[in-house]
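In: below is the structure, and that's it, no one-letter string:
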């Protein structure tokens, strides 16, 4: 595993289960705090301006997928930041233009970044997904290319805590995996803005690929296992790609596999108001994960574990009193390891 945590986040990746070629960790995950441009007019924001961030996952595949994922995880945040900075320096007739970063301008920068990174991938024989969440001021930008997933979760605490249930949940986190021992969140979680994966059998993706002469295999009993088929010069055989959009994968470009992301813009002022966040004890969090996690477990299962670690566990409820940041970060690592364990094959 690769595990990193602080008091407000945790990142987890681990080696693939493949046998050949040798198993490697093909995922790259990142979390960048204070991802904001100095030109932003923070005086007009009602959401904490110091809470800007960027999180993302890049799930590699094929022989060189880890190299593509590494490149994308380096370049995507860098190019987005450069685009934001260049926009803030725009001029007209030699005079600087005051930009307020209208959401559609930043959406364009994100989309152009994904395309530019795809065009400059320095290696063949691999590709990766890209799922990024960028908070800038009072807007959240959720961009996805491929079959990774993301969502916003809202945790609603219970009216009171049952101490025995709390103890059982603590034991669950630290106990061996067992079908008889489960997490029972005492609060509740609602899931918002979960993205649609880019799968070849979905109508919009299917029509684009077919219009360019691409072939799609759709298993009758498992449509989500659909694949875009091409004759690979690298592998010297027909190869199926399990997604209809990605970064890299140049052998599939001519038949409609594109890097262009779907971007959803969430107005956080509106989101806070509609969900009564300000006047309740609710807490908001974001999740980004690969298909290795989301294919194995439902979003609710994932959200419950993360909400438990961040907000409901004993350490999360008492950490402001006496627990150190390192202790709480280690606690989040334990919760994250348990989630990965529960999402992995039983064997």
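Out: Okay, I see it. Worth saying up front: this structure is predicted, and the values here are computed from it rather than measured. Residues are numbered from 1 along each chain as shown.

In: run through the stretch 201-347 of the chain and note the low-pLDDT ranges.
Out: 319-323, 346-347 (pLDDT under 70).

In: show me where it has helices.
Out: 203-211, 268-274, 291-294, 299-307, 314-318, 325-343 (DSSP state H, counting those that start in this stretch).

In: distance of the nearest residue to residue 177 once chain neighbours are set aside from residue 14?
Out: Closest residue to residue 177 apart from its sequence neighbours, by C-beta to C-beta, 6 or more residues apart in numbering: residue 341 at 5.8 Å. For every residue, glycine as well, the C-beta is placed using N, CA and C. Here the criterion is C-beta to C-beta, to the nearest Å. By it, residue 341 lies 10 Å from residue 14.

In: so for these two, which sits in the more crowded spot?
Out: Using other C-beta atoms under 10 Å as the criterion, residue 341 and residue 14 rank with residue 14 on top: 15 against 11.

In: touching, the more buried one and residue 343? I think so.
Out: No: taking contacts as C-beta atoms under 8 Å, residue 14 lies outside contact range of residue 343: 10.4 Å.

In: identify the bridge partners of the residue minimising distance to the centre of the chain.
Out: Among the residues of the chain, the one closest to the centroid is residue 288, at 2.4 Å (C-alpha atoms, centre = their mean). Counting by DSSP bridges, residue 288 is bridged to residue 150.

In: which residues are in contact with it?
Out: 29, 55-57, 131-133, 148-150 (C-beta atoms under 8 Å, 6 or more residues apart in numbering).

In: still on that earlier bit, can you tell me how far the residue nearest to residue 177 is from residue 25?
Out: For residue 341, the distance to residue 25 - C-beta to C-beta - is 16 Å.

In: ditto for residue 344
Out: Noted for residue 344: a distance of 14 Å to residue 25, by C-beta to C-beta.

In: check residue 290 too.
Out: The value you get for residue 290 to residue 25, if C-beta to C-beta is used, is 11 Å.

In: those two: which is more packed in?
Out: residue 290 (22 against 14).

In: could you find the closest non-adjacent residue to the more buried one?
Out: residue 59 (4.0 Å).

In: so which elements touch the one helix or strand that neighbour maps to?
Out: For residue 59, the host element (DSSP states H and E) is strand 53-61. Judged by 3 or more C-beta pairs under 8 Å, 6 or more residues apart in numbering; DSSP states H and E, strand 53-61 is in contact with strand 27-33, helix 65-88, strand 127-128, strand 130-136, strand 283-289.

In: residue 203: neighbour count?
Out: 7.

In: please determine how far it is located from residue 147.
Out: For residue 203, the distance to residue 147 equals 16 Å [C-beta to C-beta].

In: ok, now residue 254?
Out: 21 Å.

In: got it, and residue 316?
Out: Remark: distance between residue 316 and residue 147 (C-beta to C-beta) = 31 Å.

In: more neighbours: which of those two?
Out: Legend: neighbour count by other C-beta under 10 Å for residue 316 and residue 147, higher for residue 147 (24 against 20).
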